[in-house]
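[1] Have a look at this prediction, sequence included:
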Amino acid sequence: MSTLAAEQKDSMTIALVRLPEPRRTVYRYVFLIAAIYNLIWGIAVILFPRPPFELVGIPLDQLGPIGILLWQCIGMFVMVFAIGYFVCWREPERYAAFILIGTLGKVFGPIGFLYGWLYLGVMPAQVGLTIITNDLVWWPVFFAFVWDIYLRKPQPVIA
């Protein structure tokens, strides 16, 4: 093999890291719990979109049919993320980019809520309860994982 070909092969090899135990185990089980939560929450919102609004006292006529459909779309997105979290549960290091994407979603979701609530004044404050369970409770582990994989720079062990 020529030197150039060897260099190209080396530059295309993706080196993965293996996180130390027991931290890796904690991440894996949190991703599994996140997958189960997202699956259940997503299916519930898709099939039964009205009860969450009724529960917190948001009048359904305030939402209209488009509001209900958008809510069901959010449920679909959350449910799709369940698949990614299941994959990450199996091999968190290999699919770390998905957790980075999930973490960004868990940051931008609350930003969008705050923008709609505080700045535009069109988002009912009660919707923020969803932000707590869908986003904020996951921050510590998701941020820690992103830190461990992307910022701490552990030594590659899987090539």
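    Yep, it's here. The structure presented is a predicted model; accordingly, all values stated were derived computationally and were not measured.
[2] rest of the way, CA atoms for contacts and neighbours
    Fine.
[3] And whichever strand or helix holds residue 83, how far out from the chain middle?
    Using DSSP states H and E, residue 83 maps to helix 60-90. On the basis of C-alpha atoms, centre = their mean, to the nearest Å, helix 60-90 sits 12 Å off its chain's mean C-alpha point.
[4] now the strands for the protein?
    16-17, 156-158 (DSSP state E).
[5] any idea of the mean pLDDT for the shortest one?
    Averaged over strand 16-17, pLDDT sits at 70.
[6] what about the spatially closest residue to residue 54 that is not a sequence neighbour, distance to residue 117?
    Spatially, and ignoring its direct neighbours in sequence, residue 54 is nearest to residue 60 (7.4 Å; C-alpha to C-alpha, 6 or more residues apart in numbering). Counting by C-alpha to C-alpha, to the nearest Å, the gap from residue 60 to residue 117 is 18 Å.
[7] quick one, which of those two is more surrounded?
    residue 117 (17 against 14; other C-alpha atoms under 10 Å).
[8] Tell me who's in contact with the nearest residue to that one once chain neighbours are set aside.
    Take residue 117 and drop its neighbours on the chain: the residue closest to it by C-alpha to C-alpha, 6+ apart is residue 123, 4.4 Å away. When contacts are counted by C-alpha atoms under 8 Å, 6 or more residues apart in numbering, residue 123 touches 113, 116, 117.
[9] circling back to that earlier point, next, the buried residues of the helix holding residue 83.
    For helix 60-90, a neighbour-count test (16 or more other C-alpha atoms under 10 Å) marks 68, 71-72, 75-76, 78-79, 81-89 as buried.
[10] What residue, apart from its backbone neighbours, is nearest the residue nearest the centre of the chain spatially?
    The chain has residue 102 as the residue nearest its centroid, 2.8 Å off, counting by C-alpha atoms, centre = their mean. The shortest distance from residue 102 to any non-neighbouring residue, by C-alpha to C-alpha, 6+ apart, is to residue 81 (7.6 Å).
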